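1. fold the following for me, if possible:
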Amino acid sequence: MKVKFNNAEIETKAQNIQDFLAERNMDNKTGIAVALNSSIVAKSNWATQNINEQDSIMVITATAGG
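-> Down below sits the predicted model:
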């Protein structure tokens, strides 16, 4: 299915947020937040939050600076 990932249209076979992140080798990454259609998804819900055709997924990574 096609989804928007950080504003780029991509193909995915993932059915939920956790699988989507695993496809991109981001499932074990710390300091990230995920928004689905502009709503933040709690990490505890990643495995149960389904994604659908044309959904918009945004992954934000926290960075430290000095």
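2. check whether Q18 sits in a helix, strand or coil.
-> Here Q18 is recorded as helix under DSSP: H, G, I helix; E, B strand; the rest coil.
3. and the gap between it and N28?
-> Using C-beta to C-beta, to the nearest Å, we find Q18 at a distance of 11 Å from N28. C-beta: built from backbone N, CA, C; applies to glycine.
4. again with T48
-> T48 sits 18 Å away from N28, going by C-beta to C-beta.
5. of the two, which one has the most company?
-> Higher neighbour count among T48 and N28: T48, with 10 against 7, using other C-beta atoms under 10 Å.
6. OK, contacts around the nearest residue to that one once chain neighbours are set aside?
-> Once flanking residues are discounted, T48 sits nearest to N16: 6.6 Å by C-beta to C-beta, 6 or more residues apart in numbering. Contacts for N16 (C-beta atoms under 8 Å, 6 or more residues apart in numbering) come out as W46, A47, T48, Q49, N50, I51.
7. with respect to E9, which of the residues you listed is nearest?
-> Nearest to E9, judged by C-beta to C-beta, of the contacts of N16 is I51 at 13.6 Å.
8. surely that closest one touches V3?
-> Yes - the pair I51 / V3 is scored as a contact, 6.2 Å apart, by C-beta atoms under 8 Å.
9. which residues are in contact with both of those two?
-> Common neighbours of I51 and V3 (criterion: C-beta under 8 Å, 6+ apart): T12, F20, I57.
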